[in-house]
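below are the sequence and a predicted model; questions follow.
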Amino acid sequence: MLIHPHTMLTFEQCQKARIARDSRFDGRFYVAVKTTGIFCRPICPANIPKEENVEYFTDKTQALKAGYRPCLRCRPDSAPGSWAWKGVETTFLRAIKLIDQGALHQQSLVALSERLGITDRYLRMLFEKYLGMAPKQYAQYQQLMFAKQLLHSSTMSVTEVGFAAGFNSTRRFNDAFQKILKLTPSQVRRKEFDGLGRNRIALPYRGELNWQHMLSFYQQRAIEGMERITESAYQRYVLIDGCKAHFEVTQKDGYLEMGFEIDDVAKLQNLVSGVRRMFDLDADISSIEQHLEYIAPGLVTTRGIRIPGVWNPWEAGVRAILGQQVSVKAAIGQLNLLAETLSHDQPVRHFPTPEAIANADVSFLRMPQSRKETLVRFAQFMLQEPESDPQKWLALKGIGPWTVSYAQLRGQSQPDCFLDRDLVVKKAMQNYPSLNADTASPWGSYATFHLWNQS
């Protein structure tokens, strides 16, 4: 299987990108060399092979299925992600996201299909159509590539790595690793490329990432006891299906370094996936800024602005409700009051759960009674439908389009949420008559942040 039509890349583009070792294409495709049986990133520093000896893949799992093993020099397991299937069926993209987060570690294919609202037969058909493999095969390849990344970038034991990647036994992990990757875990461990310490992982990205802009945005909206932002780092406590975790992220040259503590190592893949989304590490920021500059010259005054997400849509929804028709400062004041009161004076805080708010007397909040009722109503709804599409929230009294768009923007990191109803955005848009939701698409979220940045 070669370059998929949905990648919007041609063979000529791939050829030029690999010969030039163009970093803008890192993660958008992979180069497999027939004579060596190895697949690489387009930026690999190894000698460039002849064109007749290579083939291209949109996803590293496709290269594994074709019998290639990952390069130990450029490490395709650590390549940033990409929008490889941009424009394809939403259900398939959602399935990919859930499997990448470890969904098939914890449930059957039938259960995952029910969660997606489709049959398992249809789910298998989607994977065959877009990837040429079964969902479970894709899941195993992802597990192995994640394990390889951990072996390179941490001092976790092989046993810990196996469990973190979703394998139930060290023997199963070793057998699968050697069969598919054609290496033993200990062979990979001996390479020690990154030299990172225990419980630290490198999270690569491509293009610019304006770390100071992102830290400043988080600093203004931080919850005391749960988040801590310094001049160079972001720290936070999270819950993953009831499992407690803490992470600290700092910027290095071309990647973020994440230190972590987690109660259940089997949830590590969920943590990594969540942090990548929070900091928008899979965005092709160069293409995005090029588009915005074309439709609204002068809009991109600060390079490298990405979507600063929050941990999940539930948290984003609460933040949006408390932020309705008030300033950022006032909203964060109420958010801190909520978190402090419901934490019962615990020094370490996690974001209040739907159950905690649904069962709480929220009269202590200093805001209109109608908004308090909306908050409780939202919590009760999320208790019943925790994975509901934010569009369904519109049926709840007190929740309008702005609240839903904000949740999609920061809780799901959707790339095309243009908040043209936001007062700050409306005012800033007056300087860009050609800028609107249609022209900004498919990057409306980034247009929103650039307009906020100019306020």
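Cool, got the structure.

from here on, contacts and neighbour counts on C-alpha atoms
Fine.

is L144 in contact with F177, as I believe?
Yes - L144 is in contact with F177 according to Cα atoms under 8 Å; the separation is 6.4 Å.

so which residue is dead centre in the chain?
Central residue of the chain (Cα atoms, centre = their mean): R277, 2.2 Å from the mean position.

quick check, that residue in a helix?
Yes - applying DSSP: H, G, I helix; E, B strand; the rest coil, one finds R277 inside a helix.

who are the contact partners of it?
By Cα atoms under 8 Å, 6 or more residues apart in numbering, the contact set of R277 is G309, Q412, S413.

please apply the same query to A79.
A79 touches D26, G27, R41, P204, Y205, counting by Cα under 8 Å, 6+ apart.

state the distance from it to Q149.
A79 is 10 Å from Q149, where distance means Cα to Cα, to the nearest Å.

what does G304 give?
Distance of G304 to Q149, computed by Cα to Cα: 26 Å.

who has more neighbours out of those two?
Q149 (22 against 18; other Cα atoms under 10 Å).

wait, the more buried one sits on C74?
No - because the distance of 11.7 Å does not satisfy Cα under 8 Å, Q149 is recorded as not touching C74.

pull out the buried positions in the longest helix along the chain.
Longest helix in the chain by number of residues (criterion: DSSP state H): helix 135-153. Residues of helix 135-153 classed as buried by neighbour count (16 or more other Cα atoms under 10 Å): 135-136, 138-153.

angle of the one helix or strand D175 maps to against helix 135-153?
Here D175, judged by DSSP states H and E, is contained in helix 170-181. Angular relation of helix 170-181 and helix 135-153 on a 0 to 180 degree scale: 100 degrees, by axes from the mean of the first three to the mean of the last three Cα atoms, to 10 degrees.

before we move on, the earlier item: including secondary structure, could the contacts of A79 go into TSV?
Output for the contacts of A79, formatted as TSV (three-state DSSP):
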residue	secondary structure
D26	strand
G27	coil
R41	coil
P204	strand
Y205	coil
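
of these, which is the nearest to R189?
R189 lies nearest to P204 out of these, by Cα to Cα, at 19.3 Å.

would you put the C-alpha positions of the helix holding D175 in CSV?
Extracted C-alpha coordinates of helix 170-181, given in CSV (Å, rounded to 0.1, in the frame of the first residue of the first chain):
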residue,chain,number,x,y,z
THR,A,170,6.1,-9.6,29.5
ARG,A,171,6.3,-12.8,27.5
ARG,A,172,3.5,-11.6,25.1
PHE,A,173,5.2,-8.3,24.8
ASN,A,174,8.6,-9.8,24.0
ASP,A,175,7.2,-12.2,21.5
ALA,A,176,5.1,-9.5,19.7
PHE,A,177,8.0,-7.0,19.7
GLN,A,178,10.5,-9.5,18.2
LYS,A,179,8.0,-10.9,15.6
ILE,A,180,6.8,-7.5,14.3
LEU,A,181,9.8,-5.2,14.8
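
what about the very next helix or strand once past it, average pLDDT?
Following helix 170-181 in sequence order, the next helix or strand is helix 185-189 (DSSP H and E). Across helix 185-189, the average pLDDT comes to 85.

contacts only, for L239.
Going by Cα under 8 Å, 6+ apart, L239 touches A245, H350.

quick check: phi and psi on it?
phi -120, psi 130 (degrees, to the nearest 10).

cool, the one 5 residues further on as well?
Its backbone dihedrals place K244 at phi -80, psi 140, with angles given as degrees, to the nearest 10.

roughly how far apart are it and F167?
The gap separating K244 from F167 is 21 Å, by Cα to Cα.

and if you look at E373?
Using Cα to Cα, one obtains 44 Å as the distance from E373 to F167.

residue ranges with poor pLDDT in the protein?
For the chain, the stretches flagged by pLDDT under 70 are 1-8, 83-87, 190-198.

can you do 50?
1, 4-7, 191-195 (pLDDT under 50).

hmm, back to that, look at K244 and F167 and report which has more neighbours.
When neighbours are counted by other Cα under 10 Å, K244 and F167 differ, and F167 comes out ahead with 22 against 15.

elements contacting the helix holding D175?
Under the contact definition 3 or more Cα pairs under 8 Å, 6 or more residues apart in numbering; DSSP states H and E, helix 170-181 sits against strand 69-70, helix 135-153, helix 158-164, helix 185-189.

now the next helix or strand after the shortest one, how far from the centre of its chain.
Just to be clear, that refers to strand 69-70. Using DSSP H and E, the helix or strand that follows strand 69-70 in sequence is helix 90-100. The chain centroid and the centroid of helix 90-100 are separated by 12 Å under Cα atoms, centre = their mean, to the nearest Å.

list the helices and strands helix 90-100 packs on?
helix 109-116, helix 120-130, helix 135-153.

now these as JSON lines including distance to T353?
Below are the helices and strands packed on helix 90-100 laid out as JSON lines (distance: least, Cα to Cα, whole Å):
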{"stretch": "helix 109-116", "distance to T353": "21"}
{"stretch": "helix 120-130", "distance to T353": "31"}
{"stretch": "helix 135-153", "distance to T353": "29"}
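
for Q391, which of the ones you listed is the nearest?
Per Cα to Cα, nearest to Q391 of these: helix 109-116, 16.1 Å.

residues making contact with the closest one?
T91, R94, A95, A103, L104, T119, D120, L123, P135, K136.

how far off centre is that helix?
Between the centre of helix 109-116 and the centre of its chain there are 21 Å (Cα atoms, centre = their mean).

which parts of it are buried?
Neighbour-count burial for helix 109-116 [16+ other Cα under 10 Å]: L109, L112, S113, L116.

would you map the strands across the stretch 251-400 of the chain?
Remark: strands assigned in the stretch 251-400 of the chain by DSSP state E, counting those that start in this stretch are 255-262.

end to end on stretch 205-224, go ahead and measure it.
29 Å.

in that stretch, what counts as buried?
205-207, 209, 211, 213-215, 218-219, 221-224.

among those, name the ones in strands.
Among these, no member is found in strands (DSSP state E).

tell me which of these is nearest to R171?
Y205 (32.8 Å).

give me every residue that touches the closest one.
So Y205 contacts A79, P80, G81, G254, Y255, L256, L281, D282, A283 (Cα under 8 Å, 6+ apart).

cutoff 6 Å now
P80, Y255, L281 (Cα atoms under 6 Å, 6 or more residues apart in numbering).

could you check the angle the longest helix of the chain makes with helix 120-130?
Using the same axes, to 10 degrees: helix 135-153 against helix 120-130 is 60 degrees.

what does stretch 25-43 rub up against?
In contact with stretch 25-43 (Cα under 6 Å, 6+ apart) are residues 18, 21, 53-58, 68-71, 76, 79-82.

go through that stretch and flag the buried ones.
For stretch 25-43, by 16+ other Cα under 10 Å, it's 25-33, 38-43.

and that stretch, how far out from the chain's middle?
23 Å.
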